[in-house]
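Novice: Below are the sequence and a predicted model; questions follow.
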Amino acid sequence: MSRIGRMPIAIPAGVTVEVAENNVVTVKGPKGTLTRTFAPEMKIEVNGQEITVSRPDDEKKSKSLHGLTRTLLHNMVIGVTEGFSKTLQIVGTGYRASKKGSTLVLNLAYSHPIEMQDPEGLESVIDDKANTITVKGISKEAVGQYAAEIRSKRAPEPYKGKGIKYADEVIRRKAGKTGKK
């Protein structure tokens, strides 16, 4: 059995989980509602205040889907109760971010500012120094995707470390040119 797949998921107070036909799971909580369709082979059961996931057989596909299904369900429960966030840092002279309503405006040494519309259900927050962006939302997948899109506008370079990086990311630095003697 999968060590992750066989662990039950506790349902906190204030959260409702509904499993419909064809493994369509809806999780409602204080922060919002998430719906996802899971593989039809997996058996998802709600027993009182916990969710269990079981697989039909020991085939390779079933084994791989077992832990994945459980983890995705767990992330849905955490998302509607606590939410997820990713923090990005902007490094470089003159690099900064600002907000215009729900539009994120990035000045990253291009000839024009880059404007990104916050996707529905996500929010980007900028601190007072305009060099830290926090992306918040209830879907872990959507938060990670939007943070990756922001980072891709100016990925950090290895010589001076200028660009947009995750707060916990370590940039491998390279030595610069050495002069002739």
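Specialist: Ah, there it is. Because the structure is predicted, anything quoted here is derived from the model rather than measured.
Novice: contacts and neighbour counts: CA atoms only from here.
Specialist: Noted.
Novice: what's the next secondary structure element after the longest strand seen in the chain?
Specialist: Secondary structure of the chain per DSSP state E: the longest strand is strand 84-91. Per DSSP states H and E, the first helix or strand lying C-terminal to strand 84-91 is strand 96-100.
Novice: quick one: average pLDDT of the next helix or strand after that following strand?
Specialist: Per DSSP H and E, the first helix or strand lying C-terminal to strand 96-100 is strand 103-107. In this model, strand 103-107 has a mean pLDDT of 93.
Novice: And stretch 46-66, by the same measure?
Specialist: Mean pLDDT, computed over stretch 46-66, is 90.
Novice: Going by neighbour count, list what's buried in stretch 101-110.
Specialist: Neighbour counts over stretch 101-110 (16 or more other C-alpha atoms under 10 Å) mark 103-106, 108 as buried.
Novice: now swap in stretch 126-144 and tell me
Specialist: For stretch 126-144, by 16+ other C-alpha under 10 Å, it's 126, 130-140, 142-144.
Novice: which one's the longest helix in the chain?
Specialist: In the chain, taking DSSP state H as the definition, the longest helix is helix 60-81.
Novice: In that one, which residues are buried?
Specialist: By neighbour count on 16+ other C-alpha under 10 Å, the buried set for helix 60-81 is 62-63, 65-71, 73-81.
Novice: which residues are contacting that helix?
Specialist: The contact list for helix 60-81 (C-alpha atoms under 8 Å, 6 or more residues apart in numbering) reads 1-6, 9, 11, 15, 27-34, 38-39, 41-42, 52-56, 137-140.
Novice: Kindly recompute the last result at 6 Å.
Specialist: When contacts are defined by C-alpha atoms under 6 Å, 6 or more residues apart in numbering, helix 60-81 is touched by residues 4-5, 29-32, 138-139.
Novice: what about burial for the residues you listed, which qualify?
Specialist: Counted by 16+ other C-alpha under 10 Å, the contacts of helix 60-81 give 5, 29, 32, 138-139 as buried.
Novice: can you redo those residues as TSV with secondary structure?
Specialist: Putting the buried ones among the contacts of helix 60-81 into TSV (DSSP: H, G, I helix; E, B strand; the rest coil) gives the following:
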residue	secondary structure
G5	coil
G29	strand
G32	strand
I138	coil
S139	coil
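Novice: Format those residues as a markdown table; extra columns: distance to H112.
Specialist: Below are these laid out as a markdown table (distance: C-alpha to C-alpha, whole Å):
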| residue | distance to H112 |
| --- | --- |
| G5 | 48 |
| G29 | 41 |
| G32 | 36 |
| I138 | 32 |
| S139 | 31 |
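Novice: Now do the phi/psi pair for the closest residue to P12 other than its chain neighbours.
Specialist: Closest residue to P12 apart from its sequence neighbours, by C-alpha to C-alpha, 6 or more residues apart in numbering: Q49 at 7.5 Å. Backbone torsions of Q49, given as degrees, to the nearest 10, read phi -110, psi 30.
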